[in-house]
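Engineer: Give me a 3D structure for the following:
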Amino acid sequence: MTGRGRPLGMMIGVGLLSWLIVAGIAGTRANPEVLYGMAGPLAVAALSWIMTERTYLSRPEPTRLIRMAVRNMAIKAVFFGTYMGVMLRVLTVRPLPFVVSFISYFLAFHLLEALFIQRLVTGGAGSSSR
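Structural biologist: Take a look at the predicted model:
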């Protein structure tokens, strides 16, 4: 995959591949909790990346990205709080595998997104602005 879809494809690929590996190793001891722990952070990171890329490519001003990131942070906090509540209280997933998975994927996807933003803004190799 090249160009604009590459970061999004990488996020989805990393998420699904890592989940398949964990599911293959841990089986039912970690599933479906690991899948649910991956799904929320992946969906948010993917949506956030799409918004970031569109915002920057429409008018490449880093200050616009900063304003958007601050606004999105507040939205993400509300979403993730709600997501965790629904998963733990409504769907009653097992807390340990879900929370470990959620935290791991949350950190991994935000790190990936930060790297993609850096490449986008600096025009680095593999950036989606090519």
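Engineer: so how many other residues sit close to Glu33?
Structural biologist: Glu33 is flanked by 23 other residues according to other C-beta atoms under 10 Å. Yep, even glycine has a C-beta here, placed from its N, CA and C like the rest.
Engineer: could you say which helix or strand contains Arg6?
Structural biologist: Assignment of secondary structure by DSSP states H and E places Arg6 within helix 6-26.
Engineer: Check which element follows that helix along the chain.
Structural biologist: Proceeding N to C from helix 6-26, the next assigned helix or strand is helix 33-58, under DSSP H and E.
Engineer: angle of the helix or strand just after that next one against helix 33-58?
Structural biologist: Past helix 33-58, heading to the C-terminal end, the next element that is a helix or strand (DSSP H and E) is helix 62-85. Taking axes from the mean of the first three to the mean of the last three C-alpha atoms, to 10 degrees, one finds helix 62-85 and helix 33-58 inclined to each other by 160 degrees.
Engineer: From the rest of the structure, what touches helix 62-85?
Structural biologist: By C-beta atoms under 8 Å, 6 or more residues apart in numbering, the surrounding residues in contact with helix 62-85 are 40, 44, 48, 51-52, 55-56, 102, 106, 117, 121.
Engineer: Cool, thanks, signing off.
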